[in-house]
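[1] Let's see this in three dimensions:
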Amino acid sequence: MDSPSRTFGFLASVPAFAGLDADQLERLYGCTVLKVIAKGETAVAAGAAVNELAIVVSGRMAAEGGGPETVEFGQGAALNAEAFFTQTPAAAALIALRETVLLTLARDDLTAAFQAHPYHRPTAGWMSDLNSFSATDAEKFFHEYYIPSNMVVAVVGDVKAAQAMPMIEKYFDRIRSGPAPDERTTSEPPQNSERRVVLHEMAQPIYLEGYHRPDYRNPDDAVYDAIADLMSNGRTSRLYRALVRDKRIASDSAGFSGLPGTKYPHLFAFYAVPLPGHKPEEMADAIHAEIEKIKNADISDAELKMIKTRAKANLLRGLADNEGLAFQLGKAQAAYGDWRELFREVDRIEKVTKADIRRVATQTFVPTNRTVGIIESVAPAAAGTQGGAQ
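    Model prediction:
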């Protein structure tokens, strides 16, 4: 168990927190890290308060795309497998448009992009799966994956370990143990040509494209984060300035990693929502123009500095309360086996160079590595005769 002084001593050694002593750090976060226990790779869940303790439960599922499953633990602590997904940058973009057919487009785009890996399956499964899935199947799944060896528990707050541990043991010891789940999965072979999906719907036209990229453990993960920030973070981002502010052809446009998850190699995606009178093809041309810029010329010193500053600021905001601190520490412990990786993420972004951004963009954003999804709007009568997706 890490003592508070040892934990805050480590925090103070992180460049983002330089100059703050233990008392200042403790006041800043309003909590003390008591314990981080874990074995696992990917945090996919968040818990609720139990007797005023902030407890975050993080566990791996068979595949990150598994549908939302909620299981009750003790006095109201809940495990929701959708919680981690909603915390990722990819999810933030998707949730903003969740009530639209973008998710339908993303589903079909993923099915086309991943032909071997389980990521080609929809999050909640196909309807035939749902219709045939029984309570016995659910119980078997639960006992196979929701086990102590597959979870992380993080406790933060003004509590004493001597009081907290008996309470945690009381509620979590009842969870049945078992062997570690089989994590083997089929690897997706390289994509050698562009793939396209077109849906004809009575809906807002949308353009979406995704490029295969490595998983979150890849040394270039921080470079992909930097590219996502550059292209999509706020009204000063390149895509917003180009498509929304200057050309006025889209109501929204962004790029992000993590489609549909980050545990395995996944997609870095770009999307744009056309304004009336503009077509998805215009979105594609405008997005590709911005991609070519970062492939052919260095970003500015000011842009690189802002990316690194925002990374530090986002880390601080994520640790602003007990729940955020517990979640972020638990997620890092589950993903990397070491909660300290949470702070090393900032160090990795700090080391990203302009040359790194050009190199990764040139390697990744090529037509043969691209899967395109388009929604084309049709009139009601036409939609009825065409029958939806093609």
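
[2] Find the residue ranges of the stretch 51-200 of the chain scoring beneath the pLDDT cut-off.
    Low-confidence segments of the stretch 51-200 of the chain (pLDDT under 70): 51-102.

[3] Now do the strands in it.
    Along the stretch 51-200 of the chain, the segments classed as strands by DSSP state E, counting those that start in this stretch run 53-59, 70-73, 77-80, 151-156, 195-201.

[4] With the stretch 201-350 of the chain instead?
    With strands called from DSSP E, counting those that start in this stretch, the stretch 201-350 of the chain shows them at 206-213, 250-259, 266-274.

[5] can I get the ones you listed in a markdown table with distance to residue 282 and mean neighbour count?
    All C-beta spots, glycine's among them, are computed from the backbone N, C-alpha and C. Below are these laid out as a markdown table (distance: least, CB to CB, whole Å; neighbours: other CB atoms under 10 Å):
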| stretch | distance to residue 282 | mean neighbour count |
| --- | --- | --- |
| strand 206-213 | 8 | 25 |
| strand 250-259 | 8 | 23 |
| strand 266-274 | 7 | 26 |
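
[6] With mean pLDDT and distance to residue 304 as extra columns, can I get the ones you listed in a markdown table?
    Shown next, in a markdown table, are these (pLDDT from 0 to 100; distance: least, CB to CB, whole Å):
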| stretch | mean pLDDT | distance to residue 304 |
| --- | --- | --- |
| strand 206-213 | 96 | 20 |
| strand 250-259 | 94 | 17 |
| strand 266-274 | 95 | 19 |
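
[7] Those into CSV, with extra columns for distance to residue 345?
    Listed next are these as CSV, based on distance: least, CB to CB, whole Å:
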stretch, distance to residue 345
strand 206-213, 17
strand 250-259, 13
strand 266-274, 17
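
[8] ok, residue 298 - contacts?
    The contact partners of residue 298, by CB atoms under 8 Å, 6 or more residues apart in numbering, come to 354-355, 357-358.

[9] Return the closest of these with respect to residue 127.
    Relative to residue 127, the closest of the contacts of residue 298 is residue 357; by CB to CB it sits at 41.8 Å.

[10] before we move on, back to that, between the contacts of residue 298, which sits nearest residue 339?
    Using CB to CB, these come closest to residue 339 at residue 357, 28.4 Å.

[11] for the nearest residue to residue 113 once chain neighbours are set aside, helix, strand, or coil?
    Among residues not flanking residue 113 along the chain, residue 371 sits closest, at 3.9 Å (CB to CB, 6 or more residues apart in numbering). Three-state call for residue 371 (DSSP: H, G, I helix; E, B strand; the rest coil): strand.

[12] Show the backbone phi and psi for residue 360.
    Backbone geometry at residue 360, expressed as degrees, to the nearest 10, gives phi -70, psi -40.

[13] just residue 123 next, same as before
    phi -50, psi -50.

[14] separation between the spatially closest residue to residue 122 that is not a sequence neighbour and residue 265?
    Once flanking residues are discounted, residue 122 sits nearest to residue 107: 4.9 Å by CB to CB, 6+ apart. As for residue 107, its distance to residue 265 is 18 Å (criterion: CB to CB, to the nearest Å).

[15] the more surrounded of these two?
    Neighbour count, other CB atoms under 10 Å: between residue 107 and residue 265, residue 107 has more, with 21 against 16.

[16] Just to check, the more buried one is in contact with residue 121?
    No: applying CB atoms under 8 Å, one finds residue 107 not in contact with residue 121, separated by 9.3 Å.

[17] about what we covered before: out of the contacts of residue 298, who's nearest residue 193?
    The nearest one, if we look at these relative to residue 193 and count by CB to CB, is residue 358, at 24.5 Å.

[18] The closest one contacts residue 294, correct?
    Yes: contact criterion CB under 8 Å: residue 358 and residue 294 qualify, at 6.7 Å.

[19] between these two, which one's more packed in?
    residue 294 (21 against 17).

[20] Surely the more buried one is in contact with residue 359?
    No: using CB under 8 Å, residue 294 is not in contact with residue 359, being 10.6 Å away.

[21] Mind splitting the chain into its structural domains?
    4-88+123-184+318-334, 95-118+186-311+346-386 (automatic domain parsing).

[22] can I get these in TSV with distance to residue 340?
    Formatted as TSV, the domains of the chain follow (distance: least, CB to CB, whole Å):
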stretch	distance to residue 340
domain 4-88+123-184+318-334	7
domain 95-118+186-311+346-386	10
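
[23] wait, doesn't residue 324 sit right on residue 314?
    No: if you go by CB under 8 Å, residue 324 and residue 314 don't touch, sitting 11.0 Å apart.

[24] what about the two, which has more around it?
    Neighbours were counted for residue 324 and for residue 314 using other CB under 10 Å; residue 324 has more, 18 against 15.

[25] can you tell me which residues contact that one?
    317-318.

[26] list the contacts for residue 365?
    So residue 365 contacts 211, 268, 291, 295 (CB under 8 Å, 6+ apart).

[27] go again using 6 Å as the cut-off
    211, 291 (CB atoms under 6 Å, 6 or more residues apart in numbering).

[28] how many other residues sit next to the residue lying closest to residue 175 once chain neighbours are set aside?
    Excluding the flanking residues, the one nearest residue 175 by CB to CB, 6+ apart is residue 148, at 5.8 Å. Residues near residue 148, counting by other CB under 10 Å, number 15.
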